[in-house]
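Participant: Need the 3D shape of this:
(one chain, ligands or ions: 2)
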Amino acid sequence: MNELSVLIIGSGGREHALAWKLAQSPRVRQIFIAPGNAGTAVHGTNLPIGAEDIDRLVLWARGNKIDLTVVGPEVPLALGIVDTFRAAGLPIFGPSQAAAQLEASKAFAKQFMQEAGIPTATFAAFHDYTEAQAYARSCNGEIVVKASGLAAGKGVVVCDNLGEALDALRQIMADRAFGASGDEVIIEERLSGPEVSLLAFCDGKTAVPLIPARDHKRAYDGDQGPNTGGMGVYAPPSDVDVALIDEIMRTVINPTVQGMAQRGTPYVGVLYAGIMLTANGPKVLEFNCRFGDPETQVILPLLDGDLAEIMLACIDGTLQPDMVRVQSGAAATVVMAAPGYPGSYPKGLPISGLDAVPSDVVLFHAGTAAAGGQIVTNGGRVLAVSAVGADLETAVARAYAGIAHIHFDGAHYRTDIGR
Ligand code: AMP
Ligand code: GLY
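Facilitator: Numbering: from 1, shown residues only. Ligands and ions are numbered 1, 2, ... in the order given. Below you'll find the model as predicted:
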C-alpha cells in the first residue's frame, strides 16, 4: 500500500481530474505533474518539463523511480512517448505510437475500420489537391472534409455545399492551415444524429467501458458560434442505455481491440470513440487515443474504483470488468473560458472566489497558474466546474451554483450545459 510514485503528463482540466482521482488511490504515495497547472499543484508537485519533451521526461522518470506514468494529451502519444518509456523499463499508461495512429492518422483509422467492418461514414482519402477537388465536385457538397493528421480538434469541416467544401480543401491542402497534418485529406459522407463519447479502458485484449458522456463543442448557448475544445459535458446522456453501450462495445470497441492485437499493435490505454447515433445505428466519427477533455471531468467523478489499480492492470494485461465500477447518478461540467476564446485571449487575469465554491462542487483547473500569491488565467479554457448529483438536473444546478462564486474579467461560459 501507498507505494506508487506517479507522473502525470499534461496541463489541462483532464490532467487535474486525473491527479484528483489518482490521489484518492490508497496505493499512490506521491504525484508529479509535468507541467501541470495551479490545480494539479494541490495534489502533487508540478515539474517544469513540457508534455512533449520526451527525452527529459524519460530521464526524469528514470532518475526518480516513477512506478506509473499517465499521459494526458495526444501529441506525446503520437510522438511515441510510450515506446520510449517502455524501452527504458518504465510502466506507462497509454498506447504505443503504432496504436496511437487511430487518432494521429484519420486515414489509418478509416482504413482500419473499413477492414475490420466497424460502422463509420463512407470515405475517400487524397494526397492530391486536384483529385480531392474533383471528388468533392462529384459529391456535390454535403460532405465532411478532414485533415488526416492531428489538428487540435480544428481540422474537421462539416460542409453544407460545394463552395464550403472547396474552401475547406483550399485551407487544408493549399494554404496548409494545419501544416503537414493536411498533407492527406479525408472526405466523408455527412452523417446526422446525436453524438456520444464512449471511452473504454483497454489492456491489449480486453476493453471495459466507462460511463458515456455528451460534450458541447460550440462556444455559445444553443450550439451557436465557433467550435471549441469543449465548453461543457454531462454524463450519462438519457438516450444512451445499457443496450446501446453493449452495441457500441460489440460493433466498435471490441473489434478495434481485436483488430489492433491481430496487427501486432495491441491497444493499451483509454480508447475514446466519438460516435454518431444515426438512423442506421451507431457510427464512428473519430477515435481518440486518450481521455477526453472535458469528458474526463465528469467520467472520473462517477468512477467507483481505484484508478491506479485499473491503469496498472491495463499495462499488465490483467484488466477485469469488476475493477471499473460506475456510480449511479449523473455528473455535469461547465467550462469557464477566457474572453475571446476560442480565438485569441489574454492571460494573467486574476481569478477570485475559488475558495467560496461549495463543497459539493469539484473544481478542476484547466488554464490557470499561480503568480504573485494569487491564481491567474493561463489558457483559453480556464476552469472546469464539475458536480455530481442523484440526477442530471441536480448535478447541473450544483455546477452552476459553483460558477456563481467565481470571477475573472471577461469570463464566459455556456448557460445550457445538460439542459
Ligand atoms: P471529429 O474530430 O472527427 O470527431 O469531428 C468533429 C465533429 O465534426 C464531430 O463531433 C461531429 O460533430 C462532426 N463530424 C465529424 N465527422 C462527421 C460526419 N461524417 N458527418 C457529420 N458530422 C461529422
Ligand atoms: N472533448 C473532445 C476531446 O477531448 O477530443
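Participant: For the rest of this, base every contact and every neighbour count on C-alpha atoms.
Facilitator: OK.
Participant: for this structure, which spans come out with low pLDDT?
Facilitator: Low-confidence segments of the chain (pLDDT under 70): 1.
Participant: Could you point out the longest strand of it?
Facilitator: Once the chain is assigned using DSSP state E, the strand that runs over the most residues is strand 268-278.
Participant: and it, what does it pack onto?
Facilitator: For strand 268-278, the elements it packs on are strand 195-203, strand 281-288, helix 307-316, judged by 3 or more CA pairs under 8 Å, 6 or more residues apart in numbering; DSSP states H and E.
Participant: Look at residue 144 and tell me its secondary structure.
Facilitator: Taken by DSSP: H, G, I helix; E, B strand; the rest coil, the conformation at residue 144 corresponds to strand.
Participant: Now do the contacts for residue 85.
Facilitator: Taking CA atoms under 8 Å, 6 or more residues apart in numbering as the criterion, residue 85 is in contact with 58, 91-92.
Participant: State the number of residues packed around the residue lying closest to residue 54 once chain neighbours are set aside.
Facilitator: Spatial nearest neighbour of residue 54, excluding adjacent residues (CA to CA, 6 or more residues apart in numbering): residue 81 at 6.1 Å. Counted with other CA atoms under 10 Å, residues neighbouring residue 81 total 25.
Participant: picking up where we left off before, is any part of the longest strand of the chain close to ligand 2?
Facilitator: No: where contact is defined by CA under 6 Å from any ligand atom, no part of strand 268-278 touches ligand 2; the two come within 8.4 Å at best.
Participant: re the thing from before, kindly provide the distance from the residue nearest to residue 54 to ligand 2.
Facilitator: Here the criterion is CA to the nearest ligand atom, to the nearest Å. By it, residue 81 lies 19 Å from ligand 2.
Participant: sorry, back to before: for the contacts of residue 85, which one is nearest ligand 1?
Facilitator: residue 92 (25.6 Å; CA to the nearest ligand atom).
Participant: how much space between the closest one and residue 206?
Facilitator: With the distance defined as CA to CA, to the nearest Å, residue 92 ends up 18 Å from residue 206.
Participant: Looking at these two, which one has more neighbours?
Facilitator: residue 92 (28 against 20).
Participant: What residues does that one make contact with?
Facilitator: Under the criterion of CA under 8 Å, 6+ apart, the contact list for residue 92 reads 68-71, 82, 85-86, 315.
Participant: likewise residue 62?
Facilitator: 88, 90.
Participant: what residues does the stretch 251-400 of the chain put near ligand 1?
Facilitator: 274, 285-286.
Participant: Residue 333: which of these is nearest?
Facilitator: When these are compared for distance to residue 333, the smallest value, 18.3 Å, is given by residue 274; criterion: CA to CA.
Participant: Could you measure from the spatially most central residue of the chain over to residue 342?
Facilitator: Centrality entry for the chain: nearest residue to the mean C-alpha point is residue 292, 1.7 Å, by CA atoms, centre = their mean. Residue 292 sits 18 Å away from residue 342, taking CA to CA as the criterion.
Participant: What of residue 80?
Facilitator: Counting by CA to CA, the separation of residue 80 from residue 342 is 28 Å.
Participant: same thing with residue 302?
Facilitator: Taking CA to CA as the measure, residue 302 and residue 342 are separated by 28 Å.
Participant: the more surrounded of those two?
Facilitator: Comparing residue 302 with residue 342 by other CA under 10 Å, the one with more neighbours is residue 302, at 23 against 19.
Participant: check contacts around that one.
Facilitator: Contact partners of residue 302, counting by CA under 8 Å, 6+ apart, are 211, 326-331, 388.
Participant: nearest residue to the one residue in the stretch 101-250 of the chain that gets nearest to ligand 2 other than its sequence neighbours?
Facilitator: When CA to the nearest ligand atom is the measure, the stretch 101-250 of the chain has its nearest residue to ligand 2 at residue 230, with 5.2 Å between them. Take residue 230 and drop its neighbours on the chain: the residue closest to it by CA to CA, 6+ apart is residue 217, 4.4 Å away.
Participant: Pull the contacting residues for that neighbour.
Facilitator: Contact criterion CA under 8 Å, 6+ apart gives 223, 227-232 as the residues in contact with residue 217.
Participant: Quick one: buried ones out of those residues?
Facilitator: With neighbours counted by 16 or more other CA atoms under 10 Å, those contain buried members at 227-232.
Participant: Dump the residues of the stretch 251-400 of the chain next to ligand 1 to TSV, plus neighbour count and distance to residue 239.
Facilitator: Listed next are these as TSV, based on neighbours: other CA atoms under 10 Å; distance: CA to CA, whole Å:
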residue	neighbour count	distance to residue 239
274	20	15
285	19	18
286	18	20
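Participant: And the helices in the stretch 101-250 of the chain?
Facilitator: For the stretch 101-250 of the chain, the helices identified by DSSP state H, counting those that start in this stretch occupy 106-116, 129-139, 162-169, 242-248, in order along the chain.
Participant: Show me what the third one is packed against.
Facilitator: Using 3+ CA pairs under 8 Å, 6+ apart as the contact criterion, the secondary-structure elements in contact with helix 162-169 are helix 129-139, strand 143-147.
Participant: Out of the ones you listed, the one nearest residue 256 is which?
Facilitator: Shortest distance between residue 256 and these, using CA to CA, is found for strand 143-147: 21.2 Å.
Participant: Spell out which residues of the stretch 151-300 of the chain are next to ligand 2.
Facilitator: Where proximity means CA under 6 Å from any ligand atom, the interface of the stretch 151-300 of the chain facing ligand 2 comprises 229-230, 292-295.
Participant: Try it again at 8 Å.
Facilitator: Taking CA under 8 Å from any ligand atom as the measure of proximity, the stretch 151-300 of the chain contacts ligand 2 at 153, 215, 217, 229-230, 288, 290-295.
Participant: and the residues you listed, which two are the farthest apart?
Facilitator: Taking CA to CA, the two most distant members of these are 217 and 290; they sit 17.6 Å apart.
Participant: Am I right that residue 81 is in contact with residue 97?
Facilitator: Yes: Residue 81 sits in contact with residue 97 when judged by CA atoms under 8 Å, with a separation of 7.5 Å.
Participant: how about residue 252, what does it touch?
Facilitator: For residue 252, the contacting residues are 118-119, 284, by CA under 8 Å, 6+ apart.
Participant: er, residue 398 I mean
Facilitator: Each residue near residue 398 by CA under 8 Å, 6+ apart is listed here: 360-361, 387-389.
Participant: got TSV for these, with secondary structure and distance to residue 161 too?
Facilitator: Formatted as TSV, the entries for the contacts of residue 398 read as follows, by DSSP: H, G, I helix; E, B strand; the rest coil; distance: CA to CA, whole Å:
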residue	secondary structure	distance to residue 161
360	coil	47
361	strand	44
387	strand	41
388	strand	42
389	strand	43
